[in-house]
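>>> Just a sequence and a predicted model for now, questions to come.
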Amino acid sequence: MKYIVAIIQPHKLEEVKQALEAVEVNLMTVTNVLGQGRQKGYTEIYRGAKEVGGLLRKVRLDIAVNEDFVEPTIAAITKGARTGKGEVGDGKIFVLDLADCASGSAQEREAGRRSADRLVGRGASRGSARSSPIRSRIKKTDNEAFIRKEKA
């Protein structure tokens, strides 16, 4: 599992969300943040005096994905966040290893790929039966238990 942190310009958020939905990455956390990069903030003239502001408004996206979704997620964020000016300030993407994930609603911990499949799966937000390997595994187990009861 990987934890992707992207810092983008606020006005590009909708485009990035649409690009992520196109590659079936639907779950994310969005936070307003302040920061500065190589562009070194901005300069304003206030009452005739030049003032330099060091922190710019940005948006932070936090996304947990399994290994299969890392490259499509990065490509979607890059595509949606690009301003086309070819200058610094379009944002930054960080990819971190995520060793474990705990579910708040189920009060259980799952390590590795299974928890990532619960977080990001094909069609997960649409509620389809094929959205998660865990759902299909549970359905199969329930059906087998039901069949065993009928035979007994």
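Thanks, I have the structure now.

>>> Count the neighbours of Ser105 for me.
5 (other Cβ atoms under 10 Å). All C-beta spots, glycine's among them, are computed from the backbone N, C-alpha and C.

>>> Next one: it, what pLDDT does it get?
Looking at Ser105, its pLDDT is 76.

>>> Span of stretch 62-74 from start to end?
Distance between the two ends of stretch 62-74: 12 Å, counting by Cα to Cα, to the nearest Å.

>>> in the protein, which spans are strands?
2-8, 29-35, 42-46, 49-53, 56-65, 91-97, 100-103, 108-111 (DSSP state E).

>>> Save these as JSON lines, and put in distance to Ala81 too.
Shown next, in JSON lines, are the strands of the chain (distance: least, Cβ to Cβ, whole Å):
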{"stretch": "strand 2-8", "distance to Ala81": "4"}
{"stretch": "strand 29-35", "distance to Ala81": "13"}
{"stretch": "strand 42-46", "distance to Ala81": "19"}
{"stretch": "strand 49-53", "distance to Ala81": "22"}
{"stretch": "strand 56-65", "distance to Ala81": "9"}
{"stretch": "strand 91-97", "distance to Ala81": "5"}
{"stretch": "strand 100-103", "distance to Ala81": "26"}
{"stretch": "strand 108-111", "distance to Ala81": "31"}
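
>>> Quick one: those strands as TSV, columns for distance to Gly80 and mean neighbour count too.
Listed next are these as TSV, based on distance: least, Cβ to Cβ, whole Å; neighbours: other Cβ atoms under 10 Å:
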stretch	distance to Gly80	mean neighbour count
strand 2-8	8	20
strand 29-35	13	11
strand 42-46	23	9
strand 49-53	26	9
strand 56-65	10	19
strand 91-97	10	14
strand 100-103	25	12
strand 108-111	30	12
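
>>> which sections of the chain are below the confidence cut-off?
Along the chain, segments meeting pLDDT under 70 span 39-53, 86-87, 106-152.

>>> try 50
Low-confidence regions of the chain, defined by pLDDT under 50, span residues 113, 115-116, 121-143, 145-152.

>>> mind checking the end-to-end distance for stretch 7-27?
16 Å.

>>> follow-up on the earlier one: ok, which of the strands of the chain comes nearest Lys85?
Closest to Lys85 of the strands of the chain is strand 91-97 (Cβ to Cβ; 12.6 Å).

>>> same for that closest one, what does it pack against?
strand 2-8, helix 70-81 (3 or more Cβ pairs under 8 Å, 6 or more residues apart in numbering; DSSP states H and E).
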